[in-house]
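S.K.: Sequence first, predicted model second:
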Amino acid sequence: MTLDRQQIVTEAIALLDADGLDGVTLRKLAARLGVRQPTLYWHLPNKAALITAIADAILEQHFPEMAPPEPGQRWQDWLIGLAERLRRALLAHPDGARVISISQLSLRMAAISELAFSTLVSCGVSLRQARLIVLTVEHFTVGHVLEEQAPRPDVDAAPGFDMAAFTQTYPTVVAAITEYFQHDHTVDDLFRDCLNVIIEGATTSSRRPDGPPSTPITPGPP
């Protein structure tokens, strides 16, 4: 059969959904496609290229089009919506956050960042502050989903765990968790509330009156 890059990526995502990221190997992928492994190299030179192609495909499924804020919409609310959309994209596939975090120069992720940067700048945020806000939101989103998708230990993984003793030793931790979720809040609510803290805090700091300069922050690569 004639094999193209799109077929390879589609089958790779199916393999990801079936076996998780650790199960996505060129050997398994070639077997599913009914070809010899070297055939794949005509389209994707190595596994790193395959992972990046998977990342782009996952994001394109949930970001077929993107638009700046609607007239009158606050950029803060728009950015939260963008992050929620990114989270849904990552949660749609096992290890979706791992795929994005290790992909190399995902063009779709770059397009999301470009739109976010330019949107904030057009709303009067300095380029430096926009970069810090957007990267913090993106890194938080990927990290949040990494934790959500991490395998949970079974009940036998912590033999002899004493919840009463834990509560007595760490009462504020337990109280904070209990208080938040007793009001029918969900993990979705927690994600949005955390984003609000990040974005509104950044908005406040960017409006801080003139004063002594803060400690310089040297941002990493985008």
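M.R.: Noted; the coordinates are in hand.
S.K.: Helices along the protein, start to end?
M.R.: With DSSP state H, the ranges of helices along the chain come out as 5-19, 26-33, 37-40, 47-62, 75-91, 96-102, 107-122, 127-149, 163-169, 171-181, 187-206.
S.K.: Which stretch among those helices is buried most, on average?
M.R.: Most buried of the helices of the chain, by mean neighbour count (mean count of other CB atoms under 10 Å): helix 96-102, with a mean of 22. Every C-beta, even on glycine, is put in place using the N, C-alpha and C of the backbone.
S.K.: pLDDT (mean, whole number) over that one?
M.R.: Helix 96-102 carries an average pLDDT of 96.
S.K.: Convert the C-alpha atoms of it to CSV, please.
M.R.: Written as CSV, here are the backbone C-alpha positions of helix 96-102 (Å, rounded to 0.1, in the frame of the first residue of the first chain):
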residue,chain,number,x,y,z
GLY,A,96,-1.1,13.8,26.3
ALA,A,97,0.8,16.1,28.6
ARG,A,98,3.9,14.0,28.3
VAL,A,99,3.7,14.1,24.5
ILE,A,100,3.5,17.9,24.5
SER,A,101,6.2,18.3,27.1
ILE,A,102,8.8,16.3,25.2
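S.K.: What is that helix packed up against?
M.R.: helix 47-62, helix 75-91, helix 127-149 (3 or more CB pairs under 8 Å, 6 or more residues apart in numbering; DSSP states H and E).
S.K.: And the contacts of the longest one?
M.R.: Identification of contacts with helix 127-149 by CB atoms under 8 Å, 6 or more residues apart in numbering yields 79, 82-83, 86-87, 90-91, 94-98, 100-101, 112-113, 116-117, 120-121, 125, 187, 191, 194-195, 198-199, 202, 206, 217, 219, 222.
S.K.: Tell me which other helices or strands the helix or strand of the chain with the lowest mean pLDDT touches.
M.R.: In the chain, the helix or strand scored least confidently by mean pLDDT, DSSP states H and E is helix 187-206, which has a mean of 88. Applying 3+ CB pairs under 8 Å, 6+ apart, one finds that helix 187-206 makes contact with helix 75-91, helix 127-149.
S.K.: so can I have TSV of the ones you listed showing distance to Val174?
M.R.: Putting those into TSV (distance: least, CB to CB, whole Å) gives the following:
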stretch	distance to Val174
helix 75-91	26
helix 127-149	19
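S.K.: show me the contacts for Leu28.
M.R.: To be clear, residue 28 is Lys; Leu isn't right here. With contact set as CB under 8 Å, 6+ apart, Lys28 has these partners: 15, 19.
S.K.: quick one: pLDDT of it?
M.R.: Lys28 is assigned 94 on the pLDDT scale.
S.K.: So it versus Leu15, what's the distance?
M.R.: Per CB to CB, to the nearest Å, Lys28 is found 6 Å from Leu15.
S.K.: repeat for Ile8
M.R.: Remark: distance between Ile8 and Leu15 (CB to CB) = 10 Å.
S.K.: Need the overlap of contacts for the two.
M.R.: By CB under 8 Å, 6+ apart, the residues touching both Ile8 and Leu15 are Leu29.
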